[in-house]
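>>> sequence first, then the predicted structure:
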Amino acid sequence: MKSSSTAEHTSHNTTHQHLLDTGVSVMAQFGFSGVGLSAILKQAGVPKGSFYHYFASKEQFGQAVLEHYFSRYLADVNRLMTETSMRPIIRVHGYFTRWQAQYCSLDPVQTCLVVKLSAEVADLSEPMRLALRDGTDKLIGCLADTLAQANDVFDDKTALTTATTLYQLWLGASLLTKLHRNDSHLAQAMTITEEKLGLID
């Protein structure tokens, strides 16, 4: 039988996790400034008084949501990048194929929080800006490490340059997709990606 302190700890962690998961969902739909703390807590089913047992402010909550998002996102990307049944270049191509299909689709609810929040929070919150910066740096590093495994094509320097360039390309294309509401920019990004990866002439 669990002790009361163990049960309380489990309950605390479960509520904390639930708040973060709700934060990802709400911020993907409405952004950070577009929804109040009360609306987030209502969706999570957590009393406002309880919220402050977990986070000191909405800004700290936003930072924690981004760190939580990147933790899961990078774990998923790492699984793809270590799939040894595929060549390294094909793994990286697969990442951008998934981006095109899922993360930056024409669906108004964007699952890519980098696309959704970067411009909004960069000047609004330094902790959230740093969480986004650090998360994207780790992602680019993961892509670069994978490209460097194709050492007949890339060395460490060109792998990092290529990974950075491709991420910049897709981030820009995703923002233009939101503006134009068509997928032509993502299609163009894929063509350029395949050229840079040596998959097409």
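Yes, it's here. It should be emphasised that the depicted structure is a prediction, and the values quoted were computed from it without experimental measurement.
>>> all helices for this protein, in order.
Along the chain, counting by DSSP state H, helices occupy 4-30, 37-44, 48-51, 58-81, 88-98, 113-121, 126-148, 156-180, 184-196.
>>> TSV for those helices, including mean neighbour count and mean pLDDT?
For the C-beta atoms, the positions are set from N, CA and C on the backbone; glycine is no exception. Putting the helices of the chain into TSV (neighbours: other CB atoms under 10 Å; pLDDT from 0 to 100) gives the following:
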stretch	mean neighbour count	mean pLDDT
helix 4-30	15	79
helix 37-44	15	93
helix 48-51	13	89
helix 58-81	18	97
helix 88-98	19	97
helix 113-121	20	92
helix 126-148	18	98
helix 156-180	17	94
helix 184-196	17	96
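>>> touching stretch 89-98 from outside, list them.
With CB atoms under 8 Å, 6 or more residues apart in numbering as the test, stretch 89-98 has contacts from 77, 80-81, 83, 86, 143, 146-147, 150, 153, 163, 166, 170, 189-190, 193-194, 197-199.
>>> ok, the closest residue to residue 33 other than its chain neighbours - contacts?
Excluding its sequence neighbours, the residue lying closest to residue 33 (CB to CB, 6 or more residues apart in numbering) is residue 120, at 6.3 Å. By CB under 8 Å, 6+ apart, the contact list for residue 120 reads 31, 32, 33.
>>> emit the ChimeraX select command for whichever of these are buried.
Burial among the contacts of residue 120 is assessed by 16 or more other CB atoms under 10 Å; the matching ChimeraX selection reads:
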select :31,32
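>>> just the ones in strands from the contacts of residue 120, please.
Among the contacts of residue 120, no residue falls in strands (DSSP state E).
>>> make TSV from the contacts of residue 120 and add pLDDT and distance to residue 13 to it.
Converted to TSV, those look like this (pLDDT from 0 to 100; distance: CB to CB, whole Å):
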residue	pLDDT	distance to residue 13
31	93	27
32	95	24
33	93	28
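>>> could the contacts of residue 120 go into CSV alongside distance to residue 138?
Below are the contacts of residue 120 laid out as CSV (distance: CB to CB, whole Å):
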residue, distance to residue 138
31, 23
32, 21
33, 25
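>>> just give me the closest of the contacts of residue 120 to residue 99.
residue 31 (19.9 Å; CB to CB).
>>> what about stretch 22-39, how long is it end to end?
11 Å (CA to CA, to the nearest Å).
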